[in-house]
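> My questions concern the predicted model and sequence given below.
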Amino acid sequence: MNSSVPSFSDAFRRIGWSNLLAQFSEQIALAAAPLAAVLLLSAGPSETGWLQTAQTLPFLLLSIPAGLAADHASRRKLMVASELLRALSLAAIVALLLLGVMNLPLLAVLGFVGAIGTVCFSVAAPALVASQVPRAQLSDANRWLELARSAAFTAGPALGGALVGWTGAPAAYVLATTLSLLAVFCLAGLPRDGVVAKHKRDLLHDLREGAGFVLRHDLLRPILVTAVFFNIGWFVLQAIYVAYAVQNLGLTATEVGVTLGIYGGGMITGALAAPALARRISFGTTILIGPIAGFAAAFTMLLTLWLPSVWVAGLSFFLFGAGPILWTISTMTLRQAVTPNSMLGRVSAFIMTATLGARPLGAAIGAAVAAHSGVTACLVASVGCFAVQLLVIVGSSVPKLQQLPDAT
């Protein structure tokens, strides 16, 4: 299978560049937000947890409407409008910081608005990619997109943390806004995709159809449940990590950004290793690596209670990146392969509602547990969630897959 970039169409390359720029922008902003909350607004673990909840709540509330829109309207126009909305929210944060009137509620509200754009972009992108790339190249296409995302996860948080530490939060948000606008420019140059609703549809029927397809599918159903518990555990940890790292581990803003950047380094490592692993192990085993690495990463973060080191925290984030990126690539490819293209928006929306919608739930759990029982209880709860997600996927038929299955 040819995995070189020139084998893809110009439209896919534009999607790839927009994905890189949007992801880079998002990661800089996501790193800057809790650091600004802790360093400028004196937020603690509970407050940063509620900030994470606000920034992820649109995934729960709006994934399904976004998926319905992606199946009934132009996916290109939806992605352009979504990224433009996120750019405007970032620009508003810059203005409020420069005016000196930023507070935690405003930061949360603008983070919520920006996440609306992220949700719509994320739901429409897989369907648009599947319409531009032949089935035989889907795995390679997803790998290149995840490599771009991994690069953003590597450099974005490190750069965001460094900018906040060296020059202040406004500089980080200015850069994030600029990158987001460049992503809009790349998307605007895509050809018309022609996905337009020609007649009135029963939206409730469409929603039931997408949900029913996933829940009845022997492969997609356990993947869904595994991803739900993964995201709950991940955001229980994410909710308190920045405050925990600064206040308990004694890390600086730059060191926090470095540990978050190591996560992206793990993603790049996993994405680069994906083709070699695909030649040596079965498709199902490749999927299984992600949940195993997730559990190992959560347990490693728990060890920082006794080994408070930037390197132990960095190792945890490396494992969080290296293993689950293989899960993301392989399960995205599986979803695209077994789902009819006309349903991909709805199916992606349902999966995002359940899995990424688990993020605000995890963040809220992290905030509540931190407020009542402390960060130690949060780390233990995170390990428990990752243990459950591993047991779910191990007990399913997914690890038995030898190769990518045919469409249903």
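Arrived safely.

> List of residues touching stretch 221-228?
214-215, 287, 291, 331, 334, 351, 354-355, 358, 389, 392-393, 395-398 (CB atoms under 8 Å, 6 or more residues apart in numbering). Heads up, the C-betas are built off the backbone N, CA and C, glycines and all.

> now for the helix or strand containing residue 350, which elements pack on it?
Element membership for residue 350 (DSSP states H and E) is helix 344-355. In terms of contacts (3 or more CB pairs under 8 Å, 6 or more residues apart in numbering; DSSP states H and E), helix 344-355 is packed against helix 45-72, helix 104-132, helix 203-216, helix 220-247, helix 310-338.

> For it, output the C-alpha coordinates as CSV.
Provided in CSV are the C-alpha atoms of helix 344-355 (Å, rounded to 0.1, in the frame of the first residue of the first chain):
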residue,chain,number,x,y,z
LEU,A,344,-21.1,8.5,8.2
GLY,A,345,-22.2,11.9,9.5
ARG,A,346,-24.9,10.5,11.7
VAL,A,347,-22.8,7.5,12.8
SER,A,348,-19.8,9.8,13.6
ALA,A,349,-22.1,12.2,15.5
PHE,A,350,-23.6,9.4,17.6
ILE,A,351,-20.1,8.0,18.4
MET,A,352,-18.8,11.5,19.2
THR,A,353,-21.8,12.3,21.4
ALA,A,354,-21.3,9.1,23.4
THR,A,355,-17.5,9.1,23.5
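
> and that helix with helix 104-132, angle?
140 degrees (axes from the mean of the first three to the mean of the last three CA atoms, to 10 degrees).

> for helix 344-355, what is the average pLDDT?
Average pLDDT, helix 344-355: 76.

> need the next SSE after that helix, C-terminal direction.
helix 358-373.

> Please identify the buried residues of that following helix?
Buried positions in helix 358-373, judged by neighbour count with 16 or more other CB atoms under 10 Å: 358-370.

> neighbours around residue 104, how many?
Using other CB atoms under 10 Å, residue 104 has 18 neighbouring residues.

> Please name the residues that touch it.
Neighbours of residue 104 in contact, by CB under 8 Å, 6+ apart: 37, 41, 43, 47, 51.

> will you turn the residues you listed into a markdown table that also has pLDDT, distance to residue 272 and neighbour count?
Below are those laid out as a markdown table (pLDDT from 0 to 100; distance: CB to CB, whole Å; neighbours: other CB atoms under 10 Å):
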| residue | pLDDT | distance to residue 272 | neighbour count |
| --- | --- | --- | --- |
| 37 | 83 | 34 | 26 |
| 41 | 81 | 39 | 15 |
| 43 | 79 | 36 | 21 |
| 47 | 82 | 37 | 20 |
| 51 | 84 | 33 | 27 |
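
> now the residues you listed in a markdown table, with distance to residue 260?
Converted to a markdown table, the contacts of residue 104 look like this (distance: CB to CB, whole Å):
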| residue | distance to residue 260 |
| --- | --- |
| 37 | 15 |
| 41 | 19 |
| 43 | 17 |
| 47 | 19 |
| 51 | 15 |
